[in-house]
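In: based on what follows, work out the 3D shape:
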Amino acid sequence: MLRKITKIKKGSVIFLEYDSNILKKNPLGDPYSRSFPVYLPWQYDSARNKSKRFPVLFDLAGFTGSGLGRVNWKNFEESIPERLDRLIHQRKLSPSIIVFPDCFTSLGGNQYINSGAIGRYADYLTLELIPFIDRELRSLASREHRGCLGKSSGGYGALIHGMKYTKFWGAIASHSGDAYFDFVYRTEWPAVLTHLQQFIPESRRNLSTLHKPGEKSLGEDDGRVGKFLEYAKNQTSPSAQDVTTLMILAMAASYDPDAKAPNNFRLPFDLDSGELIADRWKQWLQHDPINLVKKHHANLNKLKGIFIDCGSRDQYHIHFGSRKLSAELTKKNVQHLYQEFDGTHSGIDYRLDVSLPFLSKRLV
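Out: Residues are numbered from 1 along each chain as shown. Alright, predicted model coming up:
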């Protein structure tokens, strides 16, 4: 007996290109003209729907990722476009336009916020890409029909946009989004500081005389960070520690930019002693979602939906941050759905089967 094969109508992936005025002359010298994929459901090109407009979702990639990578073929599992086709076929996702912006930087990514050391990526998304999509495609051009989701750094971006840029978004979903910096980020710094030691300038290679007792650190690079960043630019196969170091430095550039400092950002730990620099770490904590709930809970309550999840075995221990974030939201009576699942930080695109229907119901 032949097995019956269910035919699923396929959507299409198009590529749009946008020249950004906001990203021109960005501090890193990264490209300001960018091509990015957009998924269109099969209904978009259907003759009977030629005048129909569709909800829009922006999918924010995680650190080291990009919108271009989000639509790639995958081995042993569905690609994102295939997953979207199936969810639409199953009527779990309303036919929607999905935008996959390219926000990659030479620091490996960004947190989808405005940074004087990286670029104004929050403004790029909200002030340029949203109007561009609404002009070029048949979108339902209002926040009530527009959502933002992402994983890891992308999940962090979705949270921040829900808090600070509520007038652009109707609902958000965060998968394993960065939160609870004291717990998640601080534990990475000792290994990063050790890794950076190999890039100490020759003139300072006498490790026993590097730190002067009582000397106050301003969180400035002595040359090793700049040397590492130059090294990282030329790596085609960076080590795991290279990537972690780059990520943590990208966070410093995101959370504590300073045009007067080397590399345009400051560091929250003394490079030699490893001592925490309280004034600098305070800058980081001002960007922590668990601390931002108090300031932005009114904005969050204007959203039509907030979805948060995380694997209970997340390698970066973000599940503790997600739990704490959910607790802070509950304290402020912010309605949200929090789910924890048996998984890690990796290979969790299957969780889109939960978040996309959640967003879809609230944005149609």
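In: got phi/psi on F100?
Out: phi -120, psi 80 (degrees, to the nearest 10).
In: which residues sit in contact with the residue lying closest to it once chain neighbours are set aside?
Out: Spatially, and ignoring its direct neighbours in sequence, F100 is nearest to G67 (3.2 Å; Cβ to Cβ, 6 or more residues apart in numbering). Bear in mind the C-beta positions are built from the backbone N, C-alpha and C, glycine included. With contact set as Cβ atoms under 8 Å, 6 or more residues apart in numbering, G67 has these partners: F36, P37, D59, A61, V99, F100, P101, D102, C103.
In: any idea how far K24 is from G67?
Out: Distance, G67 to K24, using Cβ to Cβ, to the nearest Å: 20 Å.
In: same question for L229.
Out: From L229 across to K24, the span is 22 Å (Cβ to Cβ).
In: more neighbours: the two, which one.
Out: L229 (20 against 10; other Cβ atoms under 10 Å).
In: which residues does the helix or strand that contains that one contact?
Out: Using DSSP states H and E, the element containing L229 is helix 224-233. Applying Cβ under 8 Å, 6+ apart, the contact partners of helix 224-233 are 106-107, 195-197, 199-201, 238, 242, 245-246, 249, 262-263, 267, 271.
In: hmm, which of the residues you listed are the buried ones?
Out: 106-107, 195-196, 199-200, 238, 242, 245-246, 249, 263, 267, 271 (16 or more other Cβ atoms under 10 Å).
In: re the thing from before, could you check the pLDDT of the residue nearest to F100?
Out: Listed pLDDT for G67 reads 97.
In: shaky segments in this structure?
Out: Along the chain, the model assigns pLDDT under 70 to residues 1-6, 205-215.
In: pick out the residue nearest the middle of it.
Out: Geometric centre of the chain, nearest residue: G154, 2.1 Å, by Cα atoms, centre = their mean.
In: ok, now which ones touch it?
Out: D59, L60, A61, G62, G65, Y112, H175, G177.
In: can you add neighbour count and give those back as TSV?
Out: TSV is the format used below for the contacts of G154 (neighbours: other Cβ atoms under 10 Å):
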residue	neighbour count
D59	25
L60	30
A61	24
G62	22
G65	21
Y112	29
H175	26
G177	30
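In: isn't S139 up against L57?
Out: No: with contact taken as Cβ atoms under 8 Å, S139 and L57 are classed as non-touching, separated by 10.4 Å.
In: which residues are in contact with both of the two?
Out: What both S139 and L57 touch, as defined by Cβ under 8 Å, 6+ apart, is the set I97, R146.
In: quick one, which of the two is more surrounded?
Out: L57 (26 against 19).
In: that one belongs to a strand?
Out: Yes: according to DSSP: H, G, I helix; E, B strand; the rest coil, L57 belongs to a strand.
In: so what's the gap between stretch 244-261 and the chain middle?
Out: Relative to the mean C-alpha coordinate of its chain, stretch 244-261 is positioned 15 Å out (Cα atoms, centre = their mean, to the nearest Å).
In: before we move on, back to that, what's the closest of the contacts of G154 to L303?
Out: Distance to L303 across these (Cβ to Cβ) is lowest for G177, with 14.8 Å.
In: with adjacent residues omitted, what lies nearest to the closest one?
Out: Per Cβ to Cβ, 6+ apart, closest to G177 is G155, 2.8 Å.
In: who's in contact with that neighbour?
Out: Going by Cβ under 8 Å, 6+ apart, G155 touches L60, G62, L149, A173, S174, H175, S176, G177, D178.
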